[in-house]
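Asks: Predicted model follows, preceded by the sequence.
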Amino acid sequence: MAGASAEVVARVTKAVLSSRKYASTAPATVDLLVALEAPNHKSAKALEKAVRKHLHNIMAPYLGDPDYAQAGLDLTAAFEKGQDAANTLLLEYLSTHESTKERIAIMEQFYQDIFAITGVPNIVLDLACALNPLAFPWMGLGPDTTFYSYDIHTERIDFLNTYFALQGIPQAAKLQDLALEIPTEHGDMALLLKELPRFERNYNKKGWQLLDALDVDWLVISFPTISLHGGRSLVTHYRNYFSEKAAERGWDYTELMYPSEMVFVAKKS
Ligand SMILES: C[S@@+](CC[C@H](N)C(=O)[O-])C[C@H]1O[C@@H](n2cnc3c(N)ncnc32)[C@H](O)[C@@H]1O
């Protein structure tokens with residue numbers, strides 16, 4: 001089947017990027033998805049539908065987002081009152097995304113357990129971060145930490161940099177599509193939390209390529225323990241999956257288990 005013409009590709013790219021739902025998506029990501037779907041869809045309507053479906057899987061819009069412009073103002077005012085007032089708001093924002101909401105109850109213990117294995121890092125790469133960097137005050141990291149954070153949502157990245165500035169750490173959030181551009185920053189540790197299976201599925205198995213290429217000493221990779229739809233236990237599945245991948249690479253690792261999340265802390269170098 002002949003795919004979409006260059007004119008249709010351009011039209012659909014423009015339509016997606018000016019839609020209300022996806023206007024905040026990194027343009028490079030939309031270009032990539034349109035290019036991926038274009039060979040299979042001739043009409044603009046079919047192509048746009050396919051791209052939106054793909055974007056829905058990638059961006060997980062069902063999670064919801066705060067109103068970032070308002071959140072920036074509110075957080076600035078809260079920091080003027082002090083860290084406690086700021087933390088109250090940060091918890092509110094962390095609750096707007098399922099993965100960070102689930103982690104709130106355990107997040108202090110979560111990072112304590114990880115750093116007990118790795119030592120406290122100075123440079124962290126949080127891959128496909130969503131709102132997780134807002135948990136910084138509960139991580140036990142030092143004030144000289146650089147917390148590189150990568151996502152494909154423009155407003156979210158801008159908001160994270162606003163937060164980092166208020167928190168007094170470098171504005172290290174980056175609008176970067178990790179399927180297109182692997183981070184070159186050196187890190188003591190990279191986090192890829194609750195995203196690897198989706199990343200593998202959505203980007204034609206590029207997740208492990210990404211992990212293999214990173215210049216970091218430690219990798220912290222987590223998986224849900226229970227399936228989102230249906231409540232099935234995923235523990236054995238992901239335990240076997242990770243163990244096989246780590247063995248192929250000769251990595252030593254430790255498993256940490258929490259009610260909603262299982263974590264593998266692997267020594268890369
Ligand atoms: C399930 S959420 C991850 C949540 C976060 N890691 C946590 O555990 O709190 C998936 C995130 O990955 C981001 N994402 C998807 N594809 C990406 C890509 N190619 N590059 C960077 N970020 C991506 C999405 O925008 C979304 O914020």
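Replies: Structure received.
Asks: for the strand or helix carrying A71, packing partners?
Replies: According to DSSP states H and E, A71 maps onto helix 68-81. Here helix 68-81 touches helix 83-94, helix 154-167, going by 3 or more C-beta pairs under 8 Å, 6 or more residues apart in numbering; DSSP states H and E. In short, each C-beta sits where N, CA and C put it, glycine included.
Asks: Deepest-packed of the ones you listed, please.
Replies: helix 154-167 (a mean of 20; mean count of other C-beta atoms under 10 Å).
Asks: In terms of secondary structure, what does it contact?
Replies: For helix 154-167, the packing partners by 3+ C-beta pairs under 8 Å, 6+ apart are helix 68-81, helix 83-94, strand 146-151, strand 173-175.
Asks: re earlier: how about the helices and strands packed on helix 68-81, which one is nearest S227?
Replies: The closest of the helices and strands packed on helix 68-81 to S227 is helix 83-94. By C-beta to C-beta, the value is 22.4 Å.
Asks: for the helix or strand just after that closest one, which positions count as buried?
Replies: Scanning forward in sequence from helix 83-94 by DSSP H and E, the next helix or strand is helix 98-103. Neighbour counts over helix 98-103 (16 or more other C-beta atoms under 10 Å) mark 98-100, 102-103 as buried.
Asks: Identify all contacting residues around helix 98-103.
Replies: With C-beta atoms under 8 Å, 6 or more residues apart in numbering as the test, helix 98-103 has contacts from 63, 94-95, 110, 130-132, 134-135, 193-194, 260-261.
Asks: how about it against the ligand, any contact?
Replies: Yes - using C-beta under 6 Å from any ligand atom, helix 98-103 comes into contact with the ligand via 99-100.
Asks: Alpha carbons only: can I get that helix in PDB?
Replies: Provided in PDB are the C-alpha atoms of helix 98-103 (Å, rounded to 0.1, in the frame of the first residue of the first chain):
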ATOM      1  CA  GLU A  98      -0.500   7.500  39.000                       C
ATOM      2  CA  SER A  99       3.100   6.300  39.300                       C
ATOM      3  CA  THR A 100       4.200   9.100  41.600                       C
ATOM      4  CA  LYS A 101       1.000   9.000  43.500                       C
ATOM      5  CA  GLU A 102       1.500   5.300  44.200                       C
ATOM      6  CA  ARG A 103       5.100   6.000  45.300                       C
END
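Asks: State the mean pLDDT of that helix.
Replies: Helix 98-103 shows a mean pLDDT of 92.
Asks: tell me, how many neighbours does the closest residue to I182 other than its chain neighbours end up with?
Replies: Ranked by C-beta to C-beta, 6 or more residues apart in numbering and with sequence neighbours excluded, the top spatial neighbour of I182 is A213, at 4.7 Å. For A213, the neighbour count with other C-beta atoms under 10 Å is 11.
Asks: how near is A213 to P143?
Replies: In this view, A213 and P143 are 30 Å apart by C-beta to C-beta, to the nearest Å.
Asks: now swap in L127 and tell me
Replies: 23 Å.
Asks: and E255, backbone torsions?
Replies: E255 adopts backbone torsions of phi -100, psi 130, taken as degrees, to the nearest 10.
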